[in-house]
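[1] This is the structure alone, sequence omitted:
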């Protein structure tokens, strides 16, 4: 009779991949959001290097000003509010 030999399972641990800059900025925004509710409620804030660098009530003006200041690099611009408004984009279908 043949005996079954069971090999131990090989445990391979791969290093975690670094998050893209845009994802890091978004997570920083979520982390900073409770504090921003006190100081920037109802405004858009720009997050760069995991810090708020500017704010404005107009998101387009904020993005243009931040990019003029630091260059065209990934940032996160988010609205400081209790809930994020849902934007629906209509889809045109042709049959």
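    Happy to help now that I have it. Since this is a predicted model, take the numbers as computed values, not measurements.
[2] For the rest of this, base every contact and every neighbour count on C-alpha atoms.
    OK.
[3] quick one: the strands in the chain?
    With DSSP state E as the criterion, the chain has strands at 44-48, 51-56, 76-79.
[4] my read: residue 80 touches residue 46, true?
    No - using CA atoms under 8 Å, residue 80 makes no contact with residue 46, being 10.5 Å away.
[5] same question for stretch 5-25, mean pLDDT?
    Per-residue pLDDT over stretch 5-25 has a mean of 88.
[6] any residues touching it, and which ones?
    Around stretch 5-25, the neighbours that count as contacts under CA atoms under 8 Å, 6 or more residues apart in numbering are 47-50, 74-76.
[7] List the buried residues of that stretch.
    Under the neighbour-count criterion of 16 or more other CA atoms under 10 Å, stretch 5-25 has 21-22, 24-25 buried.
[8] hang on, the earlier thing: overlap in contacts, residue 80 and residue 46.
    With CA under 8 Å, 6+ apart, residue 80 and residue 46 have no common neighbours.
[9] returning to that earlier point: generate the PyMOL command that creates a selection of the buried members of the contacts of stretch 5-25.
    Paste this into PyMOL to select the buried members of the contacts of stretch 5-25, with burial taken from 16+ other CA under 10 Å:
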select buried, resi 47+48+50+74+75+76
